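Participant: Build me a structure from this.
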Amino acid sequence: MAEYTMVAALNAALRDAMAKDPRTLVFGEDVGELGGVYRVTEGLQREFGSERVFNTPIAEAGIAGICVGLSLAGWRPVAEMQFDGFSYPALDQIVSHIAKYRNRTRGRTSMPIVIRIPSFGGIRGKEHHGESPETYYAHTAGLKVVVPSGALDAYRLLSLAIADPDPVIFLEPKSRYWAKEQGELAVDGPRMGRAWVRREGEACTLVTYGAMVTRCLEAAEVLARERVSCRVLDLRSLVPLDLDTLAESVRKTGRVVVVHEAPRTLGMGAEIAARIMEEAFDYLEAPVLRVTGYDVPYPPAALEQRYLPSVERITSAVRRVVSY
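Facilitator: Have a look, this model is predicted:
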């Protein structure tokens, strides 16, 4: 059985999409000859030519603006923002135009745009090289927001995102880029907008996404040795959010801990907790707890591991809700 890193799987998804549809374009800073900082686009320019895979200036607002014009002209742009912390200059174009264009034209004009953003921490990067920007995009009506946690699902989600008529913000966990996974690259499986139960359990549900899926699976292993059985729910899609599977998990376990890297205040954990209260309050046996980053700017590399949710912090939260 073949083995893939997330980088290789994303590269394959881009290659397959470009081979399937000549309207698909890939562009961004250093994505051409270099293949991107993380080599996700390596070899694509050589295979498809510089008219379909090309470098842009260091101007993120311009990259997002180009996406709008190309979409209106019938292309399917896949743009890369080099790092999460570099993507903020593009917010005006994304929020004001990309997210609103379909509504502005009463549905006559879609925006089949994918904006890939290497995101989150765990790589001991410098300032602006480790951020959690998901809430900005999830709060912006008109955008879909997805976050893969492993190589095979990264291929599936990126393939589905490129084929989607709506704009998709594709957040790639940098710390998972080199993690290997065995299997076949295929679009079959959980669709975009559906969560994925990665581990069954009865005592508590761990709700998470991105790199924290692996961290939660590790925590679940530790708790299993204490005879505390945890269900691990990989959201995959932040917008749309799979409320059905979320409510089903609450009904099965009665207890929930939400885990994410982003700061606590107004993070995805707050939205998930509110939705659980609305959709499945009668099934809760304990308050929903959150294990998150802290409400401080992303720390320097030496302090990164103290900032990120750890197995110890996750297991401690589970013990609290189970003993409530």
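Participant: ranges for the strands of the stretch 201-324 of the chain?
Facilitator: With strands called from DSSP state E, counting those that start in this stretch, the stretch 201-324 of the chain shows them at 204-208, 230-234, 237-239, 256-263, 289-293.
Participant: for the last one, packing partners?
Facilitator: It refers to strand 289-293. Applying 3 or more Cβ pairs under 8 Å, 6 or more residues apart in numbering; DSSP states H and E, one finds that strand 289-293 makes contact with strand 256-263, helix 268-280, helix 311-322. C-beta: built from backbone N, CA, C; applies to glycine.
Participant: right, so those: which one is the most enclosed?
Facilitator: Comparing the helices and strands packed on strand 289-293 by mean neighbour count (mean count of other Cβ atoms under 10 Å), strand 256-263 ranks first with a mean of 26.
Participant: Compute the inter-axis angle for it and strand 204-208.
Facilitator: When axes from the mean of the first three to the mean of the last three Cα atoms, to 10 degrees is applied, the directions of strand 256-263 and strand 204-208 differ by 20 degrees.
Participant: Run me through the strand neighbours of strand 256-263, direction for each.
Facilitator: Strand 256-263 sits in its sheet next to strand 204-208 (parallel), strand 289-293 (parallel), going by DSSP bridges.
Participant: now the first one, how far from the chain's geometric center?
Facilitator: Chain-centre distance of strand 204-208: 17 Å, with Cα atoms, centre = their mean, to the nearest Å.
Participant: Count the neighbours of K180 for me.
Facilitator: For K180, the count of nearby residues is 11 (other Cβ atoms under 10 Å).
Participant: which residue sits closest to it, ignoring its sequence neighbours?
Facilitator: If the residues on either side of it in the chain are set aside, K180 comes closest to E3, at 5.1 Å by Cβ to Cβ, 6 or more residues apart in numbering.
Participant: is it true that that neighbour touches A179?
Facilitator: No - using Cβ atoms under 8 Å, E3 is not in contact with A179; the gap is 10.6 Å.
Participant: The two: which has the busier surroundings?
Facilitator: Neighbour comparison, E3 and A179: the larger count goes to A179, with 16 against 10 (by other Cβ under 10 Å).
Participant: Quick check: what element follows the longest helix that the chain contains along the chain?
Facilitator: Secondary structure of the chain read by DSSP state H shows that its longest helix is helix 6-20. Remark: after helix 6-20, the chain's next helix or strand is strand 24-28, criterion DSSP states H and E.
Participant: Sheet-wise, list the partners of that following strand with their directions.
Facilitator: Partners of strand 24-28 in the sheet, by DSSP bridges, are strand 53-55 (parallel), strand 76-80 (parallel).
Participant: Can you give me the neighbour number for F170?
Facilitator: F170 has 24 neighbouring residues, counting by other Cβ under 10 Å.
Participant: Now do the contacts for it.
Facilitator: Applying Cβ atoms under 8 Å, 6 or more residues apart in numbering, we find F170 in contact with 114-117, 146, 157-158, 161.
Participant: Would you confirm that L289 contacts R320?
Facilitator: Yes - contact criterion Cβ under 8 Å: L289 and R320 qualify, at 6.4 Å.
Participant: Chain neighbours aside, what residue packs nearest to M268?
Facilitator: Nearest to M268 is H260, by Cβ to Cβ, 6+ apart, at 5.4 Å.
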